[in-house]
Structures are given as structure tokens and as C-alpha cells.
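*Asks:* here is my input; please provide its structure:
(chains A, B, C and D)
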Number of protein chains: 2
Amino acid sequence: MKARTRPTPKPDARAKLLDAAFALIRQQGYAATTVDDLCRAAGVTKGAFFHHFASKDALAVAAADCWTETTSAFFAAAAYHDHADPLDRVLGYVDFRLSILQGELSDFTCLVGTMVQEAYATKPDIGAACGASIGGHIDVLTQDIQAARAKHAAAGDWTARSLARHMQAVIQGAFILAKAGGGAEAAAECLHHLRRYIALLFKQRLPKESQTQ
Amino acid sequence: MKARTRPTPKPDARAKLLDAAFALIRQQGYAATTVDDLCRAAGVTKGAFFHHFASKDALAVAAADCWTETTSAFFAAAAYHDHADPLDRVLGYVDFRLSILQGELSDFTCLVGTMVQEAYATKPDIGAACGASIGGHIDVLTQDIQAARAKHAAAGDWTARSLARHMQAVIQGAFILAKAGGGAEAAAECLHHLRRYIALLFKQRLPKESQTQ
DNA sequence: GCAAACATACCAACCGGTTGGTATGTTTTG
DNA sequence: CAAAACATACCAACCGGTTGGTATGTTTGC
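*Replies:* Residues are numbered from 1 along each chain as shown, chains lettered A, B, ... in the order given. Reported below is the predicted structural model:
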């Protein structure tokens, strides 16, 4: 997920800290990122940190929430939403995700996907915030998939939500593959397979009424 | 080597530490797992730890290497390899991975997939060991996919290796989804989609000579 | 003027790693 | 063969730097 600098009117310490958290946690993970690291990267002092966040964990929750808002807005503003056909929107989403696999790994990988691995068992609040972020994204995707199914016949026995989850899994897994040495190209290959799968599922493109699913 | 009349006391501190590393890192991640945590879980002292491993990072590399051996043997011994048809072996692999989605999350998730997220940018040796582990797994899968393609016609323009990578990505992504709140069921759903994709790719099952790919 | 927003200085606990040492087995050598 | 020399495996106590967090100012904006 691409998240550039937050467009904040005044660059207060809180926003700068959240920005630093995005960058550092995506590079090193959460546990390896110290409060001092964050303060240094943000150009603020520790006093400012603990003025805005009750604890390091609280910053992680805030960062996950901020990530949710930032990425939601980012994807909501993308052009693929303009397609009239919901299936084109679903495929357009994959294409859009392909198009943002640019630059450093830490520029396009997912903050909450990284964090949830460290937090799921030991930090319930952080895990919940990460889960909500991914879950919200799945919800949006589910709607377009649902609409695509209502319009086009699709092969197989599956739910819209399960396909939306699968799409997120492929994306998250593609990031791991990229980090494991494959780079952005390996991630792109995975998204191409995902696109092919969705196309195959909806291959026949029969109008719904001509074939009961 | 060793006289059978006087069996030497088994030097198992190393093995116990690696076992503890498997469990703790899969639960908490690498950075959050301290050397003291590992020693406590393994029932050994810090002195024993640094006798067997030069540093905490060296243990991580050893754990990744041990993971490679352990999982390679585990999958090599699985029954799905007995299928005569390579496509059945590929699908059998997915079914096998589905069958082991049991128990706690930390019992079936991937050590190196977890570690590489924390290590890829800051700990090159750990990242490399994790990459090699996933890469080796991909190599094995690639062979069966290659063979399946030689025997059956398949739809689309893709390489055996890219499909093997995609399979690993789905599996890794399924683990993230599970950790993000979906549990083992969400992971299973993803693997079902993966299985359906592979089946669709090879759907026609025409003998190779009757259709040039 | 006063509360929020920041800075400075500091701390107690913790962390990775070291030290000196023991107990036990193995190899070498007279 | 047996003593001496060496090697391996492990342990308890300790060390210095780091960490998340706090206590106490100082500045800024309304």
C-alpha cells in the first residue's frame, strides 16, 4: 500500500511521528523500532512523543488507524472506481496494485500486514487495529465482487468475501516473497496470477439470467 | 565415535534452543524474543546459548537453516508425492497444506515468512537464510509444475516457477490473514481458491500434442 | 493568563553479550 | 596402561549500553 506523507496543514509532532512510524516499522518491524528511533526520524523529542501517545503500543495502534484512513482515501481516489462494470473495478484494483509496485520495498509494502505478525499473539489491541485495517479493505472489495457476481456468471462455489480475502492474501504474500529476495518483480508476478484467476472465474461473462449460478 | 557401552550425555542444549526459537519467534516475532526468553523456554542458561551460537542473530540464521531441513523432510515424507500424475502432486501439495492447518496459529504458520519481514532490510544474513528456505521450497514445487505442464496443456502465459512462487505467496498471505483475525478458516479459504486456480489453469487436460501452448 | 505543545534531564529495568569457572569426555604420550 | 594435555558442554554472576517511560521545566497560541 502506498502511503506518502500525510497532507497535514501544520506539521505537528504527532503527524511527523506517525509518518516516521510508517517508514521505520515497514523497514524494520515494530519491535525493532525504538521510541528514540521514531523521535530522531521525526525530529522531535521524547517529551513530545509521550505527550501525544501514552505508550509505544499506543502509537502502534494510532499508526494502524492512521494507515487505515490514509490507504482508504488513497484507494478511494484511484481511477479504477470509475469503471461502470463491477468486474472491471475488481480487475482494475489488481491492475492498480500492480502499478504501485515501484521504488523501495518499504515504499509499497503494507504496514499492518507487517505489524500483525509481531502483534497478533502478544498485543491484542495492536492486532485488532491491524485486523480492522485489513478487514475494512476486504469489505470494500467484497462489495464490488458481489456486484460482479450479480451481473456476470462465475464458475465455482465460493463467496464474494472469501475471494476478497484471497485477494488480500495474495497481495500480502506477494510482499513477503518480495522481501524474501524476489523483489518487486516477484510481487508483480503474483498479482498477474491473481488477475488471471479472477478472469478465469468470470471467464464466460454470460449475463446472469442466461445461466443460474 | 561413541562406545555403545558408555553413551555420552546427549548434548541437546542446541536442539532445545532451536526448538524454543521455532515456538517463540512464530508467536512473537524475532526482535521481541529475547535471549533470556529462549534460554528460559529451552531450560538452559545464557552461557549455553552463547557457547552454541555466536550471537542472537547467529541463532536466527541457524534456526532458519534448521527450519529448511525440517520442513523439507516433512514435505518430502508426505503421501502426495506418490501420485503418478505430476498435476495430482501439485494439487496434492495444496490439499496437504490444507490438512495441516490445525491447532494454534503458531503451530502451522511459517517461521521464515515471519522472520523475513523483520530482517529483510536490516539483517542481510538472516534475510538470506529465510530467502533460501522459501526459495528451496519453490524449487521443489517448480519441478512438479514443470512436469505437469509437460503432460497436460495449460491455459495462459506463465512459467512454472512463477506459479510456484504464487503458491508460496498465497500460503504466506493466508497466514497473515489468519493472524489478522481470520484464523485457520480464513487460511483454508485461501488455499481452496488457490486449488481452484490451479485446477482452472489445467482445466482442459488435453494431452500436450493436441494443443500447442 | 493559561492550557496545550513541546523540550530537557533523568531513571530503573532490561538486553545482548562476557567472564571465570566446573564437570565430563577424548586424545596424546611416556 | 595411565597420567597429562586438550576439547566440549555447560553454568552463575556480572557488565555497560539501551529502552520505554517519567518528572519537571519552557515555549507557543488563543
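*Asks:* same question for the top helix by length along chain A, mean pLDDT?
*Replies:* Longest helix of chain A, by residue count under DSSP state H: helix A:124-151. Summarised as a single mean, pLDDT over helix A:124-151 is 97.
*Asks:* got the buried residues for that helix?
*Replies:* Of the residues in helix A:124-151, A:126-135, A:137-138, A:141-142, A:144-149 count as buried by neighbour count, 16 or more other Cβ atoms under 10 Å in any protein chain shown. C-beta coordinates here come from the backbone N, C-alpha and C atoms, glycine included.
*Asks:* check the offset of the helix or strand just after it from the chain's centre.
*Replies:* If you walk from helix A:124-151 toward the C-terminus, the next helix or strand you reach (DSSP states H and E) is helix A:160-177. Mean-position distance between helix A:160-177 and its chain equals 10 Å (Cα atoms, centre = their mean, to the nearest Å).
*Asks:* next one: stretch A:124-141
*Replies:* The chain centroid and the centroid of stretch A:124-141 are separated by 9 Å under Cα atoms, centre = their mean.
*Asks:* residues from chain A in reach of DNA strand C?
*Replies:* Taking Cβ under 7 Å from any atom of the strand, the part of chain A that reaches DNA strand C is made up of A:12-14, A:44-48, A:51-52.
*Asks:* try 10 Å this time
*Replies:* Residues of chain A found near DNA strand C, taking Cβ under 10 Å from any atom of the strand as the criterion, are A:10-17, A:31, A:36, A:39, A:42-52.
*Asks:* which of the residues you listed are buried?
*Replies:* A:13-17, A:31, A:39, A:42, A:44, A:48-49, A:52.
*Asks:* inside helices: which ones of the residues you listed?
*Replies:* Secondary-structure check on those using DSSP H: residues within helices are A:13-17, A:39, A:42, A:48-49, A:52.
*Asks:* which two among these are spaced furthest apart?
*Replies:* Spanning the widest gap among these are A:15 and A:39, at 13.9 Å by Cβ to Cβ.
*Asks:* and residue A:147, what does it touch?
*Replies:* When contacts are counted by Cβ atoms under 8 Å, 6 or more residues apart in numbering or on different chains, residue A:147 is found next to residue A:86.
*Asks:* burial count for the closest residue to residue A:152 other than its chain neighbours?
*Replies:* On the basis of Cβ to Cβ, 6 or more residues apart in numbering or on different chains, the spatially nearest residue to residue A:152 that is not a chain neighbour turns out to be residue A:202, at 5.1 Å. Applying other Cβ atoms under 10 Å in any protein chain shown, we find 20 residues neighbouring residue A:202.
*Asks:* ditto for residue A:155
*Replies:* By other Cβ under 10 Å, 14 other residues sit near residue A:155.
*Asks:* is it true that it touches residue A:197?
*Replies:* No. With contact taken as Cβ atoms under 8 Å, residue A:155 and residue A:197 are classed as non-touching, separated by 10.7 Å.
*Asks:* pull up the overlap in contacts between those two.
*Replies:* Between them, residue A:155 and residue A:197 share the contacting residues residue B:200, judged by Cβ under 8 Å, 6+ apart.
*Asks:* do you know how far residue A:178 is from DNA strand D?
*Replies:* For residue A:178, the distance to DNA strand D equals 26 Å [Cβ to the nearest atom of the strand, to the nearest Å].
*Asks:* neighbours of that residue, how many?
*Replies:* 23.
*Asks:* which residue packs closest to it, ignoring adjacent ones?
*Replies:* The spatial neighbour of residue A:178 that comes closest, neighbours along the chain excluded (Cβ to Cβ, 6+ apart), is residue A:187 at 4.3 Å.
*Asks:* the longest helix of chain A vs helix B:160-177, what angle?
*Replies:* Taking axes from the mean of the first three to the mean of the last three Cα atoms, to 10 degrees, helix A:124-151 and helix B:160-177 form an angle of 120 degrees between their directions.
*Asks:* relative to the whole chain's centre, how far out is helix A:124-151?
*Replies:* Going by Cα atoms, centre = their mean, where helix A:124-151 is centred and where its chain is centred differ by 10 Å.
*Asks:* near DNA strand D at all, it?
*Replies:* No. Contact between helix A:124-151 and DNA strand D, assessed by Cβ under 10 Å from any atom of the strand, is absent, since the two come no nearer than 12.4 Å.
*Asks:* noted, bye for now.
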